[in-house]
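In: Sequence plus the predicted model coming up.
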Amino acid sequence: MKLKFVKIVNFLKRDYIFETRFGHCLHFPNEPINNYYLVDGFKDTSPTSYHYCSTARSFDNMCGPEGKYFESK
């Protein structure tokens, strides 16, 4: 089996300080914080943060060690 490395996947959001070591996975956002925009009053439901790639690869209900959701760039 060919290993699937996170550094060549579509969903990697690099950390600017540490590059790929602490990259985030855009496929697995954390729950959004339901804040309201103070200008127009609309609810902001966009994800504010994402799980680390290492977290996604550690759990079978996410990508797991085999990289279930792997999509090459």
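Out: Right, received. Where do you want to start? Just so we're clear, the structure is a prediction, and the values are computed from it rather than from any experiment.
In: For stretch 53-70, measure first residue to last.
Out: Stretch 53-70 has its terminal residues 12 Å apart, counting by CA to CA, to the nearest Å.
In: which of the residues in it are buried?
Out: For stretch 53-70, burial by neighbour count (16 or more other CB atoms under 10 Å) applies to Cys53, Ala56, Arg57, Met62, Cys63, Phe70. The way it works is simple: take the backbone N, C-alpha and C, and place the C-beta from them, glycine included.
In: Phe5: which of those residues is nearest?
Out: Phe70 (8.9 Å; CB to CB).
In: show me what contacts the closest residue to the closest one other than its chain neighbours?
Out: Nearest non-adjacent residue to Phe70, counting by CB to CB, 6 or more residues apart in numbering: Lys4, 4.3 Å away. The neighbours of Lys4, taking CB atoms under 8 Å, 6 or more residues apart in numbering as the test, are Glu66, Gly67, Phe70.
In: can you pull out the helices in this protein?
Out: Along the chain, the segments classed as helices by DSSP state H run 53-58.
In: Low-confidence regions, this protein specifically.
Out: Scanning the chain for pLDDT under 70 picks out 1-2, 6-9, 14-21, 32-34, 44-47, 73.
In: try it again with 90
Out: Applying pLDDT under 90 to the chain flags residues 1-57, 63-73.
In: Please, where are all the strands along it?
Out: 12-15, 19-29, 35-36, 43-44, 50-52 (DSSP state E).
In: Turn those into a markdown table, columns for mean neighbour count.
Out: Shown next, in a markdown table, are the strands of the chain (neighbours: other CB atoms under 10 Å):
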| stretch | mean neighbour count |
| --- | --- |
| strand 12-15 | 14 |
| strand 19-29 | 16 |
| strand 35-36 | 10 |
| strand 43-44 | 10 |
| strand 50-52 | 18 |
